[in-house]
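Asker: pasted the sequence and its predicted model underneath.
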Amino acid sequence: MKPLMQQWPDDLAAHYRARGYWTGETFGEVIERVARDHAGRTAVVCQARRWTYAELLERADRTAAAFRAAGLEPGARVVVQMPNRAEFLQVVFGLFRAGMIPVFALPAHRLTELAHFARKAQAQALVIADRHDGFDYRDLAGQLQQAVPAVSRVFVAGDPGPWQAIEGPGDAPPAAPLQADPGAVALVQISGGSTGLSKLIPRTHDDYLYSIRASNAICGLTQDSVYLAALPVAHNFPMSSPGIFGAIHAGATIVMAPSPSPDVAFPLIEQENVTITGLVPPLALLWLRAAARSGHDISSLEVLQVGGAKFMPEAARRVRPELGCTLQQVFGMAEGLVNYTRLDDPEDVIVHTQGRPISPDDEILIVDDRGAPVAEGEPGNLLTRGPYTIRAYHDDPAANARAFTDDGYYRTGDVVARTAEGNLVVRGRASDHINRAGEKISAEEVEDHLLARDDVFDAAVVSLPDPFLGERICAFIVPEGDAPPAAEIKRWMRARDIAAFKVPDQIVFVEGFATTAVGKISRKELRARLREEALTNGAQA
Ligand code: OOB
């Protein structure tokens, strides 16, 4: 198996330890300590179920035992695709307790994406929930096993059907906790993928736990907090900023929301006295609209975090007066760096900036296209390295050569400016991905799907501004012969076993793409030109 690892230079690693960022604790140890200190407190609320910390640990250990009994060894990589349910925590902490490594897929992912993650991670098992949102994940599991036979075991939360339950028989002995190496990879996140397929992001116990602990301090998360998990918890933001892992670390209570819509979330906030939650901007807009007419008392909410995509100042300034809570902007990435506005920042900073890094040792460079630093306040490319930002993607030398500088900085692809007080303002980005309501979609990946059709000669995919989604996916297509109906292309895309959020929102047929005199044009240039043309033609809304 290709080793999963993440390595910082020795001198920096020593520095991060000396500063107390990397404590040497592992996730398996954290859950044991928290379950001891907060045994009787509620860890998670999920519909009618409430589990204490003691119960969560007991369940995690039973699940760890089930994984071992199925022949999985410490170090095994396991794709986890689960919605916001209490069992998500049982499974993930079960894996940590067994020294196994979760690879996080989103509930929206389908066969094409799962097969890619499973192959790339050399996964041996898959964990799913039986059904969610009208979709049966047990069928998808069967397809995955056909496509990637190495995924030889499937575990199901709920009704297992032909597969295995996540818990063995009740009398299975709890697994003895494993002494994992804190510098080893604890889990694998998935990149939004600016070029081609998603990349795998290995995060260590030391680095991820540091970002979580420091996030708790910045976001005011304590054992008295109640965190509403509204966004899909497999995503880095609701998982660790400070998210469900922050809540666990603090001994707080997590309320699992089956959907982030105000009809579901507002009653939960009222009933459970939720104090903090995180949303992407389009959902924050929905909440603002719903709050005006809602009969629910959401006054327990102290902090609303908004991140994943740019939250426009016009919407941001409405949060305090209309929702009665403090807004916290969160500008982060699964690769590491997370910026927050601080809860006691002046309103102007909270509304107009995306905050500043977690750590004094987050190194930030803002440079022009030649790599020279820009003047203060000027926009430039954001590069970063630090105690919780990765140094490499897993098993992808080409992507690593593009995404990291020789001295270990991660090229974020974001264009930012820094204010005099050191806050970052996101101005746009250099890379060709579409940020559709916080979901990052690679233009290349969508083009590749379109090019699989015989009646598509060429395709270029760009983002267009969208008043609700922030950005939407627009595909320019040069047909081969007669143009097929746009609706037919969308239907066909949906049937390609990919996440539905990757299907173009808009399709424009063109006769051809302009080329230069030598007949060449880079895809990047082409996309930029098509986007400009669409904007000039008034394609904004
Ligand atoms: C979060 O993580 P990813 O990996 O899904 O996406 C990272 C990218 C950033 O490079 C940036 O392009 C964009 O998403 N982004 C924002 C933003 N937050 C993320 N762009 C503008 N304003 C923001 N507030 O999206 C993520 C990870 C951890 C915490 C929060 C978000």
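Answerer: Looks like it came in fine. Numbering: from 1, shown residues only.
Asker: tell me, how many residues neighbour A291?
Answerer: As a burial measure, A291 scores 18 neighbours (other C-beta atoms under 10 Å). Any C-beta I mention is one placed from the backbone N, CA and C, and that applies to glycine too.
Asker: what distance do you get for it to the ligand?
Answerer: Separation of A291 from the ligand (C-beta to the nearest ligand atom, to the nearest Å): 21 Å.
Asker: and that residue, what does it touch?
Answerer: Applying C-beta atoms under 8 Å, 6 or more residues apart in numbering to A291 gives the contacts P262, F266, I298, E322, L323.
Asker: if we go to 7 Å?
Answerer: E322, L323 (C-beta atoms under 7 Å, 6 or more residues apart in numbering).
Asker: what average pLDDT does the helix or strand hosting it get?
Answerer: Here A291 sits within helix 281-293, counting by DSSP states H and E. Taken as a whole, helix 281-293 has a mean pLDDT of 95.
Asker: show me how far that helix is from its chain's centre.
Answerer: Taking C-alpha atoms, centre = their mean, to the nearest Å, one finds helix 281-293 lying 22 Å from the centre of the chain it belongs to.
Asker: so the residue of the stretch 201-350 of the chain found nearest the ligand is in which element?
Answerer: As assessed by C-beta to the nearest ligand atom, the ligand sits closest to G332 within the stretch 201-350 of the chain, at 2.6 Å. Element membership for G332, per DSSP H and E: strand 326-333.
Asker: quick check: what element follows that strand along the chain?
Answerer: strand 336-340.
Asker: residues from the stretch 51-200 of the chain in reach of the ligand?
Answerer: G192 (C-beta under 6 Å from any ligand atom).
Asker: where does the prediction get shaky in the stretch 51-200 of the chain?
Answerer: Within the stretch 51-200 of the chain, the segments meeting pLDDT under 70 span 169-178, 193-194.
Asker: and with 50 instead?
Answerer: Along the stretch 51-200 of the chain, the model assigns pLDDT under 50 to residues 171.
Asker: would you map the helices across it?
Answerer: For the stretch 51-200 of the chain, applying DSSP state H, counting those that start in this stretch gives helices covering 53-69, 86-97, 111-121, 137-147.
Asker: hey, which of those helices is tucked in deepest?
Answerer: helix 86-97 (a mean of 27; mean count of other C-beta atoms under 10 Å).
Asker: secondary structure element holding the spatially closest residue to Y227 that is not a sequence neighbour?
Answerer: Leaving aside its chain neighbours, Y227 sits nearest to A247 (4.3 Å; criterion: C-beta to C-beta, 6 or more residues apart in numbering). Here A247 sits within helix 243-250, counting by DSSP H and E.
Asker: and that helix, how far from the chain's centre?
Answerer: 16 Å.
Asker: quick one, it and helix 53-69 angle?
Answerer: 120 degrees (axes from the mean of the first three to the mean of the last three C-alpha atoms, to 10 degrees).
Asker: and helix 243-250, what's its mean pLDDT?
Answerer: Helix 243-250 comes out at a mean pLDDT of 98.
Asker: please apply the same query to stretch 383-393.
Answerer: Here the average pLDDT along stretch 383-393 is 98.
Asker: roughly how far out does it sit from the chain middle?
Answerer: 16 Å.
Asker: now what about that stretch, what contacts it?
Answerer: 6-8, 16, 21-22, 199-202, 207-208, 210-211, 335-337, 359, 361-365, 367, 399-400, 403-405, 408-412.
Asker: show me which residues of the stretch 251-400 of the chain are close to the ligand?
Answerer: So the stretch 251-400 of the chain meets the ligand at G307, G308, A309, K310, Q329, V330, F331, G332, M333, A334, V338, Q354 (C-beta under 6 Å from any ligand atom).
Asker: surely the fifth one meets R356?
Answerer: No. Distance between Q329 and R356: 10.4 Å, which falls outside the contact criterion (C-beta atoms under 7 Å).
Asker: out of those two, which sits in the busier spot?
Answerer: Legend: neighbour count by other C-beta under 10 Å for Q329 and R356, higher for Q329 (27 against 21).
Asker: quick check: the gap between that one and P484.
Answerer: 42 Å (C-beta to C-beta, to the nearest Å).
Asker: tell me the buried residues in stretch 231-251?
Answerer: Judged by neighbour count using 16 or more other C-beta atoms under 10 Å, the buried positions of stretch 231-251 are 231-251.
Asker: ok, stretch 454-470 next?
Answerer: Going by 16+ other C-beta under 10 Å, stretch 454-470 has these buried residues: V456, D458, A459, A460, V461, V462, S463, L464, D466, L469, G470.
Asker: coming back round to it: output the residues of the stretch 251-400 of the chain next to the ligand in TSV; the columns should cover pLDDT.
Answerer: Conversion of these to TSV gives the following (pLDDT from 0 to 100):
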residue	pLDDT
G307	97
G308	96
A309	95
K310	94
Q329	98
V330	98
F331	98
G332	98
M333	97
A334	97
V338	98
Q354	98
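Asker: mean confidence for stretch 22-29?
Answerer: 97.
Asker: end-to-end on it?
Answerer: 14 Å (C-alpha to C-alpha, to the nearest Å).
Asker: how about the nearest residue to I364 once chain neighbours are set aside, secondary structure?
Answerer: Residue nearest to I364 in three dimensions, not counting chain neighbours: T384, with 5.5 Å by C-beta to C-beta, 6+ apart. Three-state call for T384 (DSSP: H, G, I helix; E, B strand; the rest coil): strand.
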